[in-house]
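Peer 1: Can you look at this prediction? I've put the sequence above it.
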Amino acid sequence: MQRRMVDTAQRRGGAQWEDLATRALAVPPPYRPVPGTPVCHVGLDDGTVVLVAEHDLCGPLLDLVTAVLAMGEAV
């Protein structure tokens, strides 16, 4: 399991992160997990939580998950 987070209040470009998160979660894909494959758990401070199977990541949601995994801090 990998856990990463981005604290937008403490990060340069926080507004851009928040914009990406808003676009990514505007229309979340259906939760369709496949046994043995990764599932992403995306949560925001407002309590919004989205579970999405790796194979369903696309568009802004894929951009968000990729950026958080690459640049987020380990939790």
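Peer 2: The structure has been received and is ready for your questions.
Peer 1: What ranges does this structure have for its strands?
Peer 2: Ranges of strands in the chain, per DSSP state E, are 4-5, 39-43, 49-53, 73-74.
Peer 1: what comes into contact with the third one?
Peer 2: Counting contacts by CB atoms under 8 Å, 6 or more residues apart in numbering, the residues outside strand 49-53 that touch it are 25, 28-29, 31-34, 37-43, 61. All C-beta atoms are positioned from the backbone trio N, CA, C, and that covers glycine.
Peer 1: Buried residues in it, which are they?
Peer 2: By neighbour count on 16 or more other CB atoms under 10 Å, the buried set for strand 49-53 is 52-53.
Peer 1: roughly how far is it from the heart of the chain?
Peer 2: 8 Å (CA atoms, centre = their mean, to the nearest Å).
Peer 1: the inter-axis angle of it versus strand 39-43?
Peer 2: 160 degrees (axes from the mean of the first three to the mean of the last three CA atoms, to 10 degrees).
Peer 1: What strands flank strand 49-53, and is each parallel or antiparallel?
Peer 2: When pairing is defined by DSSP bridges, strand 49-53 lines up against strand 39-43 (antiparallel).
Peer 1: how about the strand it pairs with as CSV, C-alpha atoms only?
Peer 2: C-alpha atoms of strand 39-43 as CSV (Å, rounded to 0.1, in the frame of the first residue of the first chain):
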residue,chain,number,x,y,z
VAL,A,39,-7.6,0.6,-5.9
CYS,A,40,-7.1,4.3,-5.3
HIS,A,41,-8.7,5.9,-2.3
VAL,A,42,-8.9,9.7,-3.0
GLY,A,43,-10.0,11.9,-0.1
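Peer 1: what comes into contact with it?
Peer 2: Here strand 39-43 makes contact (CB under 8 Å, 6+ apart) with 24-25, 33, 49-54, 57, 61, 64-65.
Peer 1: before we move on, the earlier item: filter the contacts of strand 49-53 to the buried ones?
Peer 2: So, by 16+ other CB under 10 Å, the buried ones in these are 25, 40, 42, 61.
Peer 1: Closest one of the residues you listed to residue 6?
Peer 2: Ranked by distance to residue 6 (CB to CB), the buried ones among the contacts of strand 49-53 are led by residue 42 at 11.2 Å.
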